[in-house]
Structures are given as structure tokens and as C-alpha cells.
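Enquirer: Need coordinates for the following:
(2 chains)
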2 protein chains.
Amino acid sequence: MIKARITVTLKNGVLDPQGKAIEGACRNLGFEGLASVRQGKVFDVEIEGDDRDGAKARLDAMCEKLLANTVIEDYSITLD
Amino acid sequence: MIKARITVTLKNGVLDPQGKAIEGACRNLGFEGLASVRQGKVFDVEIEGDDRDGAKARLDAMCEKLLANTVIEDYSITLD
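Expert: Here you go, the predicted model:
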């Protein structure tokens, strides 16, 4: 079994209204000194077998096709 | 400026219908061998100043109060 973590974040320069809302909420709760908050997604995936190269290639394809919108998002894959 | 990444994931045993839906979608797209997919959230935070201990403490408090529901979610904080 291979465990992988995929992290999908907005590219620099893409507006993140959700992050801005969280930043505002933090300020309202009294947390000072925040310069910025940006939100992304994380996917913890378990893949059967132990072909790490094959798994990495499949995860790449999954990100391109489904998990990330590569026009506005970057993704990174780390295998355990 | 301190950069931190907060990762919020569901605790083990908590049902994740969103993850299940993603898993199903991946299968439908032809990706075989998936054992499980679980989705979480990631927050990239920038904090002014360079007091790393203070920043860590404030991020902890932010997670407890706002960013994570600690009944069903775990969080981890990594400082760059």
C-alpha cells in the first residue's frame, strides 16, 4: 500500500476570496499581524500495490484530469 | 515575515463523503487500484515579524478557535 498526499493550491496572483474571508474572520477574533491567508485542498490517497513510479504517474494524471484546475491551481504530490 | 502551512484533516474513523465521491469519480475516469481518498484543507498563512514561537502559539489558537473543528478534525502546523 502506498500513501500519498496531494496538495492543491491557487497559483500566485489568482484571487482567493475564501482566504480573504478567513483572514477577516481571524482579525475579527483578535489575531493581529496576519499578512495573508490562502486556502487550498489536500487529498490523502492510498493506492494498492507498491509500484511507486506507477503510482506517481497515475496520481499526476488524476491531478491533471480531476483534482486540480491547472489553469488557476498548482499541485504537488508527496509519497510516504 | 513567517510563512506557515496549516493542514486540517478528518480524524480516522470520521466518515468522509466528499472523499468517497472523489474516489468514485476517479474510478469512473478509469483510475484503478485506489484504496481510499480522503479530503482535507490547507491554509497558507503569512505572519508579520519573525517571532516564530509567538507565531506558532497564535496559529495554534487560530486552529482551535476557527480553522479546525477539533471534535472531528486534526491539524498540523509547519513553519517554513
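
Enquirer: So which residues of chain A form strands?
Expert: Assigned by DSSP state E, chain A shows strands spanning A:2-10, A:34-47, A:73-79.

Enquirer: Just tell me which of those ends up closest to chain B.
Expert: Nearest to chain B among the strands of chain A is strand A:34-47 (3.9 Å), distances taken as CB to the nearest CB. All C-beta atoms are positioned from the backbone trio N, CA, C, and that covers glycine.

Enquirer: what about that closest one, average pLDDT?
Expert: Strand A:34-47 shows a mean pLDDT of 96.

Enquirer: Can you list the helices and strands that it packs against?
Expert: strand A:2-10, helix A:17-28, helix A:52-62, strand B:2-10, strand B:34-47 (3 or more CB pairs under 8 Å, 6 or more residues apart in numbering or on different chains; DSSP states H and E).

Enquirer: Contact partners for the closest residue to A:Cys63 other than its chain neighbours?
Expert: Of all residues not flanking A:Cys63 in the chain, A:Tyr75 sits nearest, at 4.5 Å (CB to CB, 6 or more residues apart in numbering or on different chains). By CB atoms under 8 Å, 6 or more residues apart in numbering or on different chains, A:Tyr75 lies in contact with A:6-9, A:63, A:67-68.

Enquirer: Could you do A:Ser36 as well?
Expert: Contacts for A:Ser36 (CB under 8 Å, 6+ apart) come out as A:19, A:23, B:44-46.

Enquirer: still on that earlier bit, including distance to A:Ser36, could the helices and strands packed on strand A:34-47 go into TSV?
Expert: As requested, the helices and strands packed on strand A:34-47 are exported to TSV (distance: least, CB to CB, whole Å):
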stretch	distance to A:Ser36
strand A:2-10	12
helix A:17-28	7
helix A:52-62	29
strand B:2-10	10
strand B:34-47	5
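
Enquirer: closest to B:Asp53 out of the ones you listed?
Expert: strand B:2-10 (10.5 Å; CB to CB).
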